[in-house]
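K.L.:
3D model of this:
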Amino acid sequence: MSHKYTQPTPELFLSLACTCVGCGPGGSTSMLAKVAIVDYRGRDVYWTFVQPTMTVSDYRTSTTGIEPANLEPSAVKKFSEVQQHVANLIKGKILVGHSLWQDLSVLGIPHPAVATRDVALYQPFRTALKTPNQVIGLQTLMWHLMRRRVQDGKICALENARAALDLYRSASGEWENAISKGQWPSHLPPSSFSRCYL
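P.N.:
Numbers count the residues shown, from 1 in each chain. Predicted coordinates:
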């Protein structure tokens, strides 16, 4: 007996984006510094700076816009507090984003793979840009598919969360229709990030 697929309602969706700073030698280890979550309409649900759990060696200011003052311990939330709050918010939700495996990894929160809609992995977007086996940056996807510029200057987690959501909504009918037929329309995330998915 097969069960009927129910089209998810807008209330089930949240879009997530994170901004990281660098820790360790040369700032090569990404550490969460900012997180943004928006609802299906793009309205802010949660946005905050996060206190890194390791010493920051590279604020990546030229791309993140984050300065040392933004992450002063007295001005930001502790990582454990943010992690718990985000885990509670996204539980039972369908998570939209771009390269969600990176966001889930820096948050240390696994999420059910079937409850993700990752625009970086969506095959029709890759095919439209003639790069079927390559992850395409959010900036490129937005410009080629929606003729909209994002990340002009600095990376903004809120802007990225809204942009990923707009891309998903532009294809949501076809995306959900494929899922309803038992055809997952996306590539798998990198296997080295399998711990990020349930």
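
K.L.:
so which bits of stretch 111-118 are buried?
P.N.:
111, 113, 115-118 (16 or more other C-beta atoms under 10 Å). For the C-beta atoms, the positions are set from N, CA and C on the backbone; glycine is no exception.

K.L.:
what's the distance between it and the middle of its chain?
P.N.:
Mean-position distance between stretch 111-118 and its chain equals 11 Å (C-alpha atoms, centre = their mean, to the nearest Å).

K.L.:
do the same with stretch 164-177
P.N.:
Centroid displacement of stretch 164-177 relative to its chain, using C-alpha atoms, centre = their mean, is 15 Å.

K.L.:
could you do stretch 112-130 as well?
P.N.:
That offset, for stretch 112-130, works out to 12 Å (C-alpha atoms, centre = their mean).

K.L.:
before we move on, back to that, which of the buried residues of stretch 111-118 sits closest to residue 189?
P.N.:
residue 118 (7.0 Å; C-beta to C-beta).

K.L.:
ok, the closest residue to that closest one other than its chain neighbours to residue 172 distance?
P.N.:
Nearest in space to residue 118, with sequence neighbours left out and distances taken as C-beta to C-beta, 6 or more residues apart in numbering, is residue 100 at 4.7 Å. Per C-beta to C-beta, to the nearest Å, residue 100 is found 16 Å from residue 172.

K.L.:
assign residue 36 to one of the three secondary structure states.
P.N.:
strand (DSSP: H, G, I helix; E, B strand; the rest coil).

K.L.:
excluding residues flanking it in the chain, which one is nearest it?
P.N.:
residue 157 (3.7 Å).

K.L.:
can you pull out the helices in the protein?
P.N.:
For the chain, helices defined by DSSP state H occupy the ranges 61-64, 79-90, 100-107, 123-128, 138-146, 157-180.
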